[in-house]
Structures are given as C-alpha cells and as structure tokens.
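Asker: Sequence plus the predicted model coming up.
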Amino acid sequence: MAVINLKLQFGMIMVDAALMKATNDPNPVEFKRLHGTVTNEKTGDKCMGETGVKSYCKKCNVETNDFTKGLEFKKGQYIEITEEELKTLKVPTNGVIAIQETTDEDFIFSQPMLFSGRSYFLQPPAKEKFPPESFALLREGLADKGRVAIGRTSLYGREHTVALQASEHGFIMHLLRYPNEIRQEQQTPLPTPNPKQLAICNMVMDAMYSDNPKLDYSDSWADGVINLKNDKLAGVATMPAATPAPATPVSNLEDDLRRTLEAIQANKAKAPEAKPKKKKGKAA
Ligand SMILES: [Zn+2]
C-alpha cells in the first residue's frame, strides 16, 4: 500500500505521520480497451489484443484506431461486450432514483467515509413553471423529520447508492461508497497521553476553537503558479517565497504546548475584534 510520509503540525509541535488511502477504487467490472480489427473474415473473430490508453496493440505490433471493449475471462483473454449489448441490460435504476429507505441525517453524516465526494443538486426541471407537488412533498417530508432518503441510481455506467438530503429548493444528492470500498484502519496501538500534557493540550484546543471556522483557505500552489505565470509574462523574475521557519523538533512536549498556547493567545490579543457571525457564505 502506497504511503506518503509527512509531518503533522500543531502549533510548535511537528510529528511524523504516514498517509495511506482509506478507500478502494470502485471497480466492480473493469472493461478493457481492445483491438477490434477482424482477423478472421470467416468467423468474424477480432484481434482482441489489449491496447491500453496508447492505442497500440502489442499482439499485432501496430498502432490502431479500431477499438472494441471487453471483459477478461482468463488471464489475457477477453470476451467482447458491445454498447448495444449493454443497452439491453435490464437495470431498474436506469434513468431513475429509486428510494429504498430513510434514515436519520446523523446516521449518514456521522460517517464521512461513506461520501464519495461527488454531490449534485436535484431540482425540478427548469422548464417546469409549476414544480410538481409530489416533489415538494417528499422534500418537506424529509426536512420535517430531519431524515435523508437512501436510494439507488445508475450514473456513469454503474449503479450507485445515494443519499438525498433536503435543501432549500430541492435536494442535494450525495453519491455514497459501498461499504466494501472502505478500508480498515491499521491497528497501531497509541501510547496513553500524560494527564498534565493532555490538560495543556485541551487548553490549546480551546484556544484554537471556532464555532464558525474559516474553511475557505486559499490554495498556495494555485496562487504560486498564477504568480509565476504573471511574472513570466511580465518578464520579471519571481521572488522566491520566504520559507517558513522550521518548527523546532520536540524537545519537551510540555514546553512546546505552553509555547503554542502563548503564541495563539498573543495572536488573538493582536487581532481586531472578531467580526459578527454571518449566516452562510457570501464573502465580505
Ligand atoms: Zn491486435
């Protein structure tokens, strides 16, 4: 399993950490792109050699634009499955979001690993001047009870489990992962924290706490690349950004925690009075 080594920074504290994928790539059926040139006129047999993304058939040693697709049934051997054949599949959720059950919002939203990261708005079609009553009814029913509807639908050539959440003007539909796409966490036992250090750590947590966190941090990579582009267009040399001072290695965890706490408090004292809380979005 690929591991990315990085450091977790928490104020003055820097600690080594290993990053591992928590989910499997969904891949219940993997179609391969194959060389579709007929090699036997009598039988109509096709080459069926793998072409990969490079459009090159290793079996015939030729570049090709003649493709078909298929599924492997034996190492290196494929059976052709055509688009026409796929269209004949009887998939009940083709063009339908079929609601199966409802559950509490908390049940779903307390399991972030279930979310594939793909979300959609589901609203009445724009041409409908008068949205159907049943659409509003379902939305209201979920909103009233604080529930989400779990359903199934077909998108991108496969069937997904989805969660429908009532939104202001319809629903937000989240594509969910199947439970078997979620990996098990590595069972590494952690040391028990020292109670005195934990008490200071909790003070740091409180000092860092916000009930309305900023979230919209900027992407330093994107900003840097855009600056680089603009500087190159203007013919000026990009000034290297100041490298942040490296945090000192943990010498004494308790000292580092205290210094972190002091730094946060000093920063807060310097900052102007916090702006009044705003309801939802809209940048100032
Ligand atoms: Zn071939």
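Answerer: Thanks, I have the structure now.

Asker: Quick check, pLDDT for residue 132.
Answerer: According to the prediction, residue 132 has pLDDT 84.

Asker: what do you get for residue 248?
Answerer: Turning to residue 248, the model gives it a pLDDT of 61.

Asker: What is the burial count for the closest residue to residue 39 other than its chain neighbours?
Answerer: Closest residue in space to residue 39, ignoring its immediate chain neighbours: residue 47 at 5.1 Å, by C-beta to C-beta, 6 or more residues apart in numbering. Using the backbone N, CA and C atoms, a C-beta is placed for each residue, glycine as well. Residue neighbour count, defined by other C-beta atoms under 10 Å, stands at 20 for residue 47.

Asker: what does residue 78 give?
Answerer: Neighbours of residue 78 (other C-beta under 10 Å): 20.

Asker: how distant is the helix or strand hosting it from the center of its chain?
Answerer: Assessed by DSSP states H and E, residue 78 sits inside strand 77-80. Its chain's average C-alpha position is 33 Å from that of strand 77-80, according to C-alpha atoms, centre = their mean, to the nearest Å.

Asker: Which strands or helices does it pack on?
Answerer: strand 32-35, strand 67-74 (3 or more C-beta pairs under 8 Å, 6 or more residues apart in numbering; DSSP states H and E).

Asker: Minimum distance to the ion: which of these has it?
Answerer: strand 32-35 (3.4 Å; C-beta to the ion).

Asker: ok and the residue in the stretch 101-250 of the chain nearest the ion?
Answerer: residue 157 (24.7 Å).

Asker: which residues does that residue contact?
Answerer: With contact set as C-beta atoms under 8 Å, 6 or more residues apart in numbering, residue 157 has these partners: residue 86.

Asker: By average pLDDT, which secondary structure element in this structure comes out worst?
Answerer: helix 83-87 (a mean of 87; mean pLDDT, DSSP states H and E).

Asker: Quick check: what element follows that one along the chain?
Answerer: strand 97-104.

Asker: Counting by contacts, list what that next one packs against.
Answerer: On a contact count with 3+ C-beta pairs under 8 Å, 6+ apart, strand 97-104 meets strand 147-155, strand 158-166.

Asker: For it, which outside residues touch it?
Answerer: Under the criterion C-beta under 8 Å, 6+ apart, residues 92, 122, 142, 145-153, 162, 164, 173 lie in contact with strand 97-104.

Asker: what's the average pLDDT for that strand?
Answerer: 97.

Asker: next helix or strand past it?
Answerer: Taking DSSP H and E, what comes next after strand 97-104 is helix 105-109.

Asker: could I have that following helix exported to CSV, CA atoms only?
Answerer: Taking Å, rounded to 0.1, in the frame of the first residue of the first chain, the C-alpha atoms of helix 105-109 are listed here in CSV:
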residue,chain,number,x,y,z
GLU,A,105,-29.3,12.7,9.0
ASP,A,106,-26.9,12.0,11.8
PHE,A,107,-26.5,8.4,10.9
ILE,A,108,-25.3,9.3,7.4
PHE,A,109,-23.4,12.5,8.3
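
Asker: Which pLDDT value does the model give the residue nearest the centre of the chain?
Answerer: The centroid of the chain falls nearest to residue 117 when counting by C-alpha atoms, centre = their mean (3.7 Å). pLDDT recorded at residue 117 is 93.

Asker: A helix includes it, no?
Answerer: No - per DSSP: H, G, I helix; E, B strand; the rest coil, residue 117 lies outside any helix segment and is strand.
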